[in-house]
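J.: Here's a sequence, model it:
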Amino acid sequence: MLFNFLIYTTITSARILLRNSFNRPDIQASGKAEGTFEILWFNQTLDHDSANSPTFKQKYLVNTQYYKPGGPAFVYIEGESPINSYWVTHGNMVELAKENNGIIFGLEHRFYGDSQPFEDWTLDTLKYLSSSNGVKDIGNFVKNVINPTTNKTFENTKWISFGGSYAGTLSAWAKEEFPDDIFIGYATSAPVLGKEDFYEYDQVVVSALGPQCANEMNSIKNYIDELYDDKTAFNQLKTDFNCTDVENDDLFLYTIADMLAYIVQYNIPASNPSIDTFCEGLIKQSDMKSKINHYIDQTNQLRNNLGFTCKSLEGYDSLTATKADNQSMMKPYIYQCCQEWGFWQTAPKQGISTRSKRLTLNWFYDYFCSAQFYGKRIGPSNPSLNNNRFKALNNHTPRTLWINGDTDPWNVQSVNNVQDSTLDRPIYLIKNGSHCSEVYPDDPTDSASLTDTRKKIRADISRWLNQS
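T.: Residues are numbered from 1 along each chain as shown. You can find the predicted model right below:
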């Protein structure tokens, strides 16, 4: 889903930082923030469709380190997680601001982190949580935020919205919705085409693994499905995976599939685990027991890197919370999936798969959108509303950058056809690129395709900013 559904929090490992939830489209930070930034609060409109709406305090960050009067304003849009100051001090956007004398803002999303309009998470309060309100929050912010160097609102300033994953979707939509206020939209790994039954996610995972590795995983998945009704054998399998703390058997199946998907979505070739370490080791195994043991070893390595148990990946405590929690993102995120996005990462009905056949669309709704978490059953989602409003893959808004990695399972829901690329609407597909891979700082291990894409992006931004 807009993230690895079940993986959560903020722990750094190599260049990845795992947050919470299933494979969401989320940017994972890669270290601690360094540099100068300030934490401030914006009086944001709660209901943009009401003339007499109350406001709430929306958290934002500002870094003026590279700003010169007349320079552009970059706004990093945080998605379905608390704002991370790393992104206003590091990475590709910061380099762009440095090169162009820009001021840097970071805007937290309503209902995530400290930007909580209410003390409680109920259906009466969560009704104000939507992508549409997120887009309007961005527009209101760029129109009214104070320039800390002048203590006035910005005038004649070129704004660049910058987002990855769900926030990339918001960035593209904000550029479309507010073309006179936002000069450039930057959308990386942005799943703008909402879809309920998102079986294509697993199809990309299969493709990224390669034929031999994917066939081995398909055999493992079938074997595990056959064990399901043998409770003694299945419970032993949960013990072997160190997942006895996950009581729901179907959720266990989702968890082990999601950990593999996470390795693919955030693949870093030089790390362990990675696609290479997983597949090279799996192919060497000669029997089913040793293959499953390798699967266990690699997922254990991932959890050990990040400091998680299976129970902490499950997110149950967050889903049952009724009080707003500035460190938890599972409940508001799942609410958005149930109500508007979908993006349920189901098992394909045909062909090879890494996911259990039990992970159906009905299972996702029955478990995640249930009364035990929200007081009553919610959903189903209606992604066609946003697809129609914001034109989904047919968004041709000028001066919008679209970037994807071809091994990122989310790229199939984004604008990724490089044959449609133009000077005014560049589309980049990074070979062997993972989720939001170009937003991170340059690294000696970066591929030629990744390095070249960053150079082209910088040239595009510079060219547009220098237009009169």
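J.: Doesn't residue 110 lie inside a helix?
T.: No - the assignment for residue 110 is coil, going by DSSP: H, G, I helix; E, B strand; the rest coil, so no helix is present there.
J.: Just give me the neighbour total for it.
T.: Using other C-beta atoms under 10 Å, residue 110 is surrounded by 21 other residues. From N, CA and C alone the C-beta is placed, and that goes for glycine too.
J.: And residue 114, by the same measure?
T.: Here the number of neighbours of residue 114 (other C-beta under 10 Å) works out to 15.
J.: State the helix or strand in which it lies.
T.: Element membership for residue 114, per DSSP states H and E: none, as it lies in no helix or strand.
J.: Tell me who's in contact with it.
T.: 57, 59, 82-83, 108, 326 (C-beta atoms under 8 Å, 6 or more residues apart in numbering).
J.: Show me which of the residues you listed is closest to residue 320.
T.: Of all these, the one sitting nearest residue 320 is residue 326; the distance, using C-beta to C-beta, is 16.9 Å.
J.: Distance-wise, check the closest one relative to residue 60.
T.: Relative to residue 60, residue 326 is positioned 15 Å away (criterion: C-beta to C-beta, to the nearest Å).
J.: now residue 460
T.: 26 Å.
J.: who's more crowded, those two?
T.: It is residue 60, of residue 460 and residue 60, that has more neighbours when counted by other C-beta under 10 Å, with 23 against 18.
J.: What residues are bridge-paired with the more buried one?
T.: Listed by DSSP bridges, the beta-bridge partners for residue 60 are residue 40, residue 107.
J.: Any figure for the gap between it and residue 98?
T.: Distance, residue 60 to residue 98, using C-beta to C-beta: 20 Å.
J.: And for residue 91?
T.: The spacing between residue 91 and residue 98, counted by C-beta to C-beta, is 11 Å.
J.: what about those two, which has more around it?
T.: Relative neighbour count places residue 91 above the other of residue 91 and residue 98, with 22 against 13, counting by other C-beta under 10 Å.
J.: so the nearest residue to residue 415 once chain neighbours are set aside, which of the three states?
T.: Ranked by C-beta to C-beta, 6 or more residues apart in numbering and with sequence neighbours excluded, the top spatial neighbour of residue 415 is residue 402, at 4.2 Å. Remark: residue 402 carries the secondary structure label strand [criterion: three-state DSSP].
J.: And for residue 76?
T.: Taking three-state DSSP as the rule, one finds residue 76 in the strand state.
J.: In contact with it, which residues?
T.: When the contact criterion is C-beta under 8 Å, 6+ apart, the partners of residue 76 are 87-88, 93, 104-107, 162-163.
J.: try it again with 6 Å
T.: If you count contacts by C-beta atoms under 6 Å, 6 or more residues apart in numbering, residue 76 has them with 87-88, 93, 106, 162.
J.: Could you tell me which of these belong to helices?
T.: Cross-referencing the contacts of residue 76 against helices under DSSP state H gives residue 93.
J.: Throw the contacts of residue 76 into CSV and include distance to residue 179 and pLDDT, thanks.
T.: Written out in CSV, the entries for those read as follows (distance: C-beta to C-beta, whole Å; pLDDT from 0 to 100):
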residue, distance to residue 179, pLDDT
87, 25, 96
88, 25, 98
93, 21, 98
106, 23, 99
162, 16, 99
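J.: between the contacts of residue 76, which is closest to residue 241?
T.: Within the contacts of residue 76, the smallest distance to residue 241 is 33.3 Å, found for residue 87 (C-beta to C-beta).
J.: pLDDT below threshold where in the stretch 201-350 of the chain?
T.: Low-confidence segments of the stretch 201-350 of the chain, defined by pLDDT under 70, are absent; every residue clears the threshold.
J.: residue ranges for the helices of it, please.
T.: Taking DSSP state H, counting those that start in this stretch to define them, one finds helices in the stretch 201-350 of the chain at 211-227, 231-240, 249-265, 275-283, 288-306, 310-314, 316-320, 330-336.
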